[in-house]
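Novice: got a sequence here, can you build the structure:
(chains A and B)
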Amino acid sequence: MWETIIIEPFINLLLWIYNLVGNFGIAIILFTTLTRVILYPLTQKQIKSSKAMQELQSDKRYIEIQKKYANDKEKLAQEQMKLYQELKINPLSSCLPTLIQFPIIIGLYQALIQSLASAPIDLLNLSRHIYPKLLQISEILPLNSKFLWMEMGQPERLYIPGTNFGIPVLAIIVVITTYISTKIITPPSQPGTNDQSAMMTKMMNLYMPVLMGWLAWSLQSGLAIYFVTTNLIQIAQYAISGNVHWNNLLFWKKTETPVKK
Amino acid sequence: MNMKRFSLILVIALLGLLLTACSGAGATNAWSGALISGDTVYYAGSSTVYALKEDNGNIIWQYPEKSSASRLFFAEPVLAGDQLIVGDYGKLLTSLKASDGTENWQFTEAKSRYIDSPLVINDLIIAPNADHNIYALDLNGKEVWRFTGGAAFWTKPVTDGVMVYVPCMDHYLYALDSSTGEMKWKTDLGASLVARAALDENGILYLGNLDGGVFAVNAADGTIAWQTKVSGGVWAEPVLHEGKLYFGDQTGNINILNAVDGTQEQFIQTDSAILGRGGLFENGIIFGNEDGELIMVGFTGAKVWTRTLKGNIYGNLQTSGERLIVIVNNGDEPLVAMDANGNQNWYFSAK
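Specialist: So this is what the prediction gives:
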């Protein structure tokens, strides 16, 4: 079911693009861009909802409720709900688009891996997923999986001539772009907001780039290309929506959002 | 470390594991190979290479001492005198002492996986690698020549003693001088080649491609003597017997072709893909399919017997005398030893 509805269409679309451009690295970039563009309405909805939630946190009434019912969680939840209804905010609407996107992103990821087919059973599975009316195995294989200095089916390393030492350039780019993309979409912390949640966000901003960098370092470079493209598109989409907090990148500069009266 | 921080790290670590699992890294995405030589079965059993007693499956030795997730052995081991040569998915070609499994040397120049076995000819080890190269080494592991093709080499070469013939994923069958690596000819066979070629005494090479094309190629000049098509992709070389070619395909057919002109004499349907080479015995040829079925086909084209093992049979069937070795993926018994009548004698499992 999952394979038929998600994986197979993605594999065929990815390979169809590859058939047009003749390079798997470029095909991954175009495919990722296309899917992110298709998902843009959902992303935009998510950005709007997040913004509304963010504005709510600087609302005077919201802060007062937090202070007033700090020791009564049940009452706090009731009062928050009243405020949501009054301001017509649905707290779930910021995470719903993410939940819808999640299986698509996982499917995209699996389609990439299966298309690389760097071992016999992967190749066998790939040959079974191809729509014969759309693609011919004799035309697709072998995949031109070389992109710049990288072999898409192998972890990326840039070797210094004359040495056996390889620099994981792409993994470093993944760490940097993940750090930037998570940092600039995070709203600045505000006085009076929950310290623990601010700390969690701060830790997430540190650990996520490390995790993504580790994946890029150890897995196929095709995936690292996917990570980098996704990060850059995410930055662009937030920038278009005017929701980028560039100041967050200036770690020496502490920013605070004014409280709404 | 407080509880919240610990939970966050745990969630991120689990996410990493999930993504790694989704990528298939670490999963068995190939099938193992084995070699029967005298009273020993050499088995490339994923993370470990085993030497087993041919009569009962007891371990004689195993290599390496500590297995590694990045160094997986799938290609059939080959013998070069008293050396056992094994290629792995960690880019290494290793020579072991066949008697006790101690390491002689390692060739570390390849940039990708050894999917299939090397060929040993005239004190040369000719190893195909997925990095688009064929490496020729002497018996001390020193590189003699290398040849670069247009794509990955997933297939063991075949030789007439002078030339080596290597199918490649770039659709070409290459003929190389075994002593220098110089290319004599190459022939486009229309689709990627993952099946080994079979060479007969008249200098004709027989092989199929992933699109179901089957070809007879003159080894002397690379011209195509005949070509035909079967219903599915061909993953293994045909077994040649009395002027006929016997081979399976991805749709599960066992094809019997006339070797002279390629006409299809018969095909026998099974229920799932046949990717490995058949095992030749006196009274027929045995094929294994993805559903775990073993089917013996007599030389008249009739089914002699069928047996079912739990798991998938993908790899080449190995035979020696009355012994049949079957490698089973995703089953409890990864290596099964049988006789020519399909009776199980023993099995080997590392567990």
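Novice: gap between stretch B:95-103 and the chain center?
Specialist: 21 Å (CA atoms, centre = their mean, to the nearest Å).
Novice: stretch A:37-49 too?
Specialist: For stretch A:37-49, the distance to the chain centre is 13 Å (CA atoms, centre = their mean).
Novice: buried ones in that stretch?
Specialist: A:Leu39, A:Leu42, A:Thr43, A:Gln46, A:Ile47, A:Ser49 (16 or more other CB atoms under 10 Å in any protein chain shown). No exception for glycine: its C-beta is placed from N, CA and C like everyone else's.
Novice: now stretch B:185-194
Specialist: Applying 16+ other CB under 10 Å to stretch B:185-194 flags B:Trp185, B:Lys186, B:Thr187, B:Leu189, B:Gly190, B:Ala191, B:Ser192, B:Leu193, B:Val194 as buried.
Novice: same for whichever helix in chain A runs longest, what does it pack against?
Specialist: Secondary structure of chain A per DSSP state H: the longest helix is helix A:195-218. If you count contacts as 3 or more CB pairs under 8 Å, 6 or more residues apart in numbering or on different chains; DSSP states H and E, helix A:195-218 packs onto helix A:169-185, helix A:221-240, helix B:3-23.
Novice: the buried residues of stretch B:185-194 in strands, which ones?
Specialist: B:Trp185, B:Lys186, B:Thr187 (DSSP state E).
Novice: which residue comes closest to the most centrally placed residue in chain B once chain neighbours are left out?
Specialist: The centroid of chain B falls nearest to B:Asp116 when counting by CA atoms, centre = their mean (5.1 Å). Excluding its sequence neighbours, the residue lying closest to B:Asp116 (CB to CB, 6 or more residues apart in numbering or on different chains) is B:Lys156, at 4.5 Å.
Novice: quick one: the one you found and B:Gly203, what's the gap?
Specialist: 19 Å (CB to CB, to the nearest Å).
Novice: OK, contacts around A:Ile47?
Specialist: By CB atoms under 8 Å, 6 or more residues apart in numbering or on different chains, the residues touching A:Ile47 are A:Gln237, A:Tyr238, A:Ser241, A:Asn243.
Novice: so who does residue 33 touch?
Specialist: You didn't pick a chain, so chain A it is. A:Thr229, A:Ile233.
Novice: wait, I meant chain B there
Specialist: B:Tyr43, B:Ala44, B:Phe74, B:Ala75, B:Glu76, B:Pro77, B:Ser117, B:Gly315, B:Asn316, B:Ile327 are the contacts of B:Gly33 under CB under 8 Å, 6+ apart.
Novice: just list whatever residues bridge to it.
Specialist: B:Ala44 (DSSP bridges).
Novice: quick check: the gap between it and chain A.
Specialist: 11 Å (CB to the nearest CB, to the nearest Å).
Novice: mind pulling up the pLDDT for that residue?
Specialist: At B:Gly33, the pLDDT value in this model is 97.
Novice: and for A:Lys73?
Specialist: 83.
Novice: ok, back up a step: who's more crowded, B:Lys156 and B:Gly203?
Specialist: Shown here are B:Lys156 and B:Gly203; by other CB atoms under 10 Å in any protein chain shown, B:Lys156 has more neighbours (24 against 13).
Novice: picking up where we left off before, so the residue nearest to B:Asp116 is in contact with B:Ser117, correct?
Specialist: Yes - in terms of CB atoms under 8 Å, B:Lys156 counts as a neighbour of B:Ser117; the distance is 4.8 Å.
Novice: overlap in contacts of the two?
Specialist: In contact with both B:Lys156 and B:Ser117: B:Ala75, B:Glu76, using CB under 8 Å, 6+ apart.
Novice: what is the helix or strand of chain A with the lowest mean pLDDT packed up against?
Specialist: When the helices and strands of chain A are scored by mean pLDDT, DSSP states H and E, helix A:96-116 comes last with a mean of 76. Judged by 3+ CB pairs under 8 Å, 6+ apart, the packing partners of helix A:96-116 are helix A:8-21, helix A:24-38, helix A:40-57, helix A:120-129, helix A:221-240, helix B:3-23.
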